[in-house]
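Trainee: Give me a 3D structure for the following:
(one chain, ligands or ions: 2)
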Amino acid sequence: MASPRKVIITCAVTGAIHTPSMSPYLPVTPEEIADAAVGAAEAGAAIVHLHARNPETGEPDQTPEAFARFLPVIKQRSGCVVNITTGGAPTMSIEERVRPAATFRPEVASLNLGSLNFGLFGMLDRFKDLKHEWERSYLANKDIIFRNTFGQIEYILTTCAGNDTRFEFECYDTAHLYNLKYFFDRGLVKAPLFIQTVFGLQGGIGSHPDDVLHMKRTADRLFGDQYRWSVLGAGRNQLNIAAMAAAMGGNVRVGLEDSLWAGPGRLAETNAEQVRAVRQIIEGLGLAVATPDEAREILSLKG
Ligand SMILES: C[C@H](N)CC(=O)CC(=O)O
Ligand SMILES: [Zn+2]
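Mentor: Ligands and ions are numbered 1, 2, ... in the order given. Below is the predicted model of the structure:
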């Protein structure tokens, strides 16, 4: 009997979209981020996707110093693959955004394949009691453009070129898949391409099964067997998007960066809780969870 397909679980432990007043369980301090990452890895995540925050206010912090407060701890306590964000927060400059990945030369770094309107204001209806002024102005801003121009994408690619860092290509719509094809055809990115298709984020593609099929069909047509597919569903769509993709041959991403929830109206108390929930679905489908080394094999990481 053939061995079950290995599914790579990525866990995005804190991000830069959700803010501390939204959930007491959102990791903010370096210790909380390190514990969340190690806990997620122990629960079955092969890859942890990392952002940093100001330990007092929880504001996104993209300085290498902020990352240096938890990266060595994670490396010492876990063999998981580290994926450092180059998205940072949509209000940051591209120079600021790429600095941690350029400094720490991780196995994986995220790369966003296009600009989009970033609709955070939708969360204001859900979360009323915001402690910090920065949370209110950040979330209420209806004019946020998450800028990722061809020049900025190329800047990140060339800045990280010599580091043997491979990318988690974040695609929020089919146009972003075509943008990736453009860089692939120019040899600026190499196969296997780790494509993270993002569903249900206001400003990007929706979270209907047709949207998932549409993104997968487009990626199949553009990249054939040159890519490894993964999905993330924002908010309450997290697990149903993951279940669909796992059944269709894909890999999955969970974590409090993408969703604060463990169920309708129930906040997730840990990132590991979401990893366990998606693992149950994966094993329920007769599939297996990839170890960090199996993920390195599947994605041709430097190790
Ligand atoms: C929807 C996710 N927040 C996308 C993300 O993780 C971007 C990045 O860090 O580069
Ligand atoms: Zn991120």
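Trainee: Within range of ligand 2, give me the residues from the stretch 51-200 of the chain.
Mentor: Within the stretch 51-200 of the chain, the positions adjacent to ligand 2 are 85, 87 by Cβ under 5 Å from the ion. Just so you know, the C-beta spots here come from the backbone N, C-alpha and C atoms, and that holds for glycine as well.
Trainee: what about the helices in the stretch 51-200 of the chain?
Mentor: Assigned by DSSP state H, counting those that start in this stretch, the helices in the stretch 51-200 of the chain fall at 64-68, 71-77, 94-104, 133-140, 150-159, 174-185.
Trainee: looking at those helices, which one has the lowest mean pLDDT?
Mentor: Looking over these, mean pLDDT reaches its minimum on helix 133-140, with a mean of 89.
Trainee: who touches that one?
Mentor: Outside helix 133-140, the residues that touch it by Cβ atoms under 8 Å, 6 or more residues apart in numbering are 19, 20, 21, 57, 59, 91, 120, 121, 123, 124, 127, 130.
Trainee: Try it again at 10 Å.
Mentor: Where contact means Cβ atoms under 10 Å, 6 or more residues apart in numbering, the residues beyond helix 133-140 that reach it are 16-22, 54, 57-60, 89-91, 120-124, 127, 129-130, 132, 144.
Trainee: Filtering these by proximity to ligand 1, which remain?
Mentor: Here is what survives when these are matched to ligand 1 using Cβ under 6 Å from any ligand atom: residue 17.
Trainee: got TSV for the helices of the stretch 51-200 of the chain, with mean neighbour count too?
Mentor: Below are these laid out as TSV (neighbours: other Cβ atoms under 10 Å):
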stretch	mean neighbour count
helix 64-68	17
helix 71-77	15
helix 94-104	20
helix 133-140	16
helix 150-159	16
helix 174-185	18
